[in-house]
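[1] Predicted model and sequence below, questions to follow.
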Amino acid sequence: MWWCCWSLMHHTYSPIIGSDIMAQAQGLGKRYLKAFFKGFFVAVPVTVTFLDRVACVARVEGASMQPSLNPGGRQVSDVVLLNHWSIRNYEVQRGDIVSLVSPRNPEQKIIKRVIALEGDIIKTIGYKNKYVRVPHGHIWVEGDHHGHSLDSNVFGPVSLGLLHARATHILWPPERWQKLQPMLPPERTPLHTNED
């Protein structure tokens, strides 16, 4: 039996041709492997830089931004596009939905609506002071679902340095796909703005 297999192999493949094919296959494999690693070592830093500096996708959890995000207590969470590039100079406007590092837990990112900018005077909802002038380099953020949100009414004005990104689009679920427009609820308009 062994002899038959060897004999078949011996007659089918010439040892010289077989070694040439093996050498070519090894050379081809090495070239593909080398090209893959070159591409990998270029693609990974480019991808990481893109996700860190330009944009990324995030799932929104919780009820604090209802009804704008995760409306009606649905089982499926909204997935949003977070644009880092648009806030690189800390340029936000009232009504923007932003992602920021939680002032209470630096390990956590939160998503809230910008209600007031530096210099604005805002009437708070349950904060220790009834009225607050937002200090230089800070913003006032709130969840759309008051009473279900840990926001500036709990921790006060937020440093612009904690800004992470601006939410620009809802990407998932497909029936909710839309561009997020800056919208300030009329009852949360600052009493005095820096532009006044």
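    Ah, there it is.

[2] From now on I want contacts and neighbour counts done on CA atoms only, so please keep to that.
    Will do.

[3] residue ranges of the strands in the chain, please?
    55-59, 79-83, 97-101, 109-116, 121-123, 131-133, 138-142, 158-159, 163-172, 178-179 (DSSP state E).

[4] Throw those strands into JSON lines and include mean neighbour count, mean pLDDT and distance to Ser68, thanks.
    Below are these laid out as JSON lines (neighbours: other Cα atoms under 10 Å; pLDDT from 0 to 100; distance: least, Cα to Cα, whole Å):
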{"stretch": "strand 55-59", "mean neighbour count": "16", "mean pLDDT": "88", "distance to Ser68": "14"}
{"stretch": "strand 79-83", "mean neighbour count": "22", "mean pLDDT": "94", "distance to Ser68": "12"}
{"stretch": "strand 97-101", "mean neighbour count": "23", "mean pLDDT": "96", "distance to Ser68": "10"}
{"stretch": "strand 109-116", "mean neighbour count": "23", "mean pLDDT": "97", "distance to Ser68": "10"}
{"stretch": "strand 121-123", "mean neighbour count": "20", "mean pLDDT": "96", "distance to Ser68": "22"}
{"stretch": "strand 131-133", "mean neighbour count": "18", "mean pLDDT": "97", "distance to Ser68": "25"}
{"stretch": "strand 138-142", "mean neighbour count": "25", "mean pLDDT": "97", "distance to Ser68": "12"}
{"stretch": "strand 158-159", "mean neighbour count": "20", "mean pLDDT": "97", "distance to Ser68": "21"}
{"stretch": "strand 163-172", "mean neighbour count": "22", "mean pLDDT": "94", "distance to Ser68": "10"}
{"stretch": "strand 178-179", "mean neighbour count": "13", "mean pLDDT": "96", "distance to Ser68": "11"}
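
[5] Could you tell me which residues make contact with the closest residue to Val98 other than its chain neighbours?
    What sits nearest to Val98 in space, not counting adjacent residues and going by Cα to Cα, 6 or more residues apart in numbering, is Arg166, at 4.3 Å. By Cα atoms under 8 Å, 6 or more residues apart in numbering, the contact set of Arg166 is 82-84, 86-87, 96-99.

[6] Recalculate using a threshold of 10 Å.
    Contacts of Arg166 were listed using Cα atoms under 10 Å, 6 or more residues apart in numbering, and they are 55, 80-87, 91-92, 96-100, 111-113, 180.

[7] Quick check: bridge partners of it?
    Bridge pairing for Arg166 (DSSP bridges) gives the partners Asn83, Val98.

[8] Pull up the gap between it and Lys112, please.
    10 Å (Cα to Cα, to the nearest Å).
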